[in-house]
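Test case, fold it:
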Amino acid sequence: MHSRGELLAAAWEVARHYRAHRGYGTEDKACRALRRRRAGFTSRQYLNAFRKGLALYDAAVDVVARDVLALHRQTDVQANRFPAFREQTAEVRPLCPGFQASTYRAALSWVLFWHHLK
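Next comes the predicted model:
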């Protein structure tokens with residue numbers, strides 16, 4: 001059995017694919033993908049987790065966009081230096097509670113890369 005944190009980490013991945021790549025097509029298909037990744041939960045739990053993943057994606061997009069100049073200054077890809085996202089995580093966590101700390105950092109760093117660096 002997977003933990004709630006593991007379910008939410010997978011929900012972030014599914015939500016990212018759903019939002020950024022227009023993957024899965026529908027919420028139902030996205031929830032089925034989430035079920036394949038983390039079996040053992042109810043249909044309601046998958047839908048709630050997926051929607052929390054979407055909320056994390058949207059919050060990360062907003063927070064990173066607001067702080068993008070400071071985050072750019074902290075980033076040096078050649079030197080393998082990237083932001084720690086401490087302040088941004090502290091801002092996103094109360095908006096989207098329940099995720100593991102590593103999932104917040106993954107969401108914020110992915111949004112910085114995908115929306116602002118690539």
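
Enumerate the positions of the longest helix seen in the chain that are buried.
The single longest helix within the chain, with elements called by DSSP state H, is helix 43-73. Within helix 43-73, the residues that count as buried by 16 or more other Cβ atoms under 10 Å are 45-50, 52-57, 59-61, 63-64, 67, 71. C-beta coordinates here come from the backbone N, C-alpha and C atoms, glycine included.

I'd like to know the average pLDDT value across that helix.
For helix 43-73, mean pLDDT is 97.

Give the other helices and strands that the helix or strand that that helix is followed by contacts.
Using DSSP states H and E, the helix or strand that follows helix 43-73 in sequence is helix 86-95. Counting contacts by 3 or more Cβ pairs under 8 Å, 6 or more residues apart in numbering; DSSP states H and E, helix 86-95 is packed against helix 43-73, helix 101-112.

quick check: angle from helix 86-95 to helix 101-112?
110 degrees (axes from the mean of the first three to the mean of the last three Cα atoms, to 10 degrees).

Contact partners for residue 56?
12, 15, 92, 96, 99, 103, 104, 107 (Cβ atoms under 8 Å, 6 or more residues apart in numbering).

Next up, the contacts around the nearest residue to the last one once chain neighbours are set aside.
Closest residue in space to residue 107, ignoring its immediate chain neighbours: residue 60 at 4.4 Å, by Cβ to Cβ, 6 or more residues apart in numbering. For residue 60, the contact set (Cβ under 8 Å, 6+ apart) comprises 88, 92, 107, 108, 110, 111.

ok so, going back, give me the distance between the longest helix of the chain and the centre of its chain.
5 Å (Cα atoms, centre = their mean, to the nearest Å).

Could you report the pLDDT at the most centrally placed residue in the chain?
With distances taken as Cα atoms, centre = their mean, the chain has residue 107 as the residue nearest its mean C-alpha position (3.6 Å). In this model, residue 107 is scored at 98, pLDDT.
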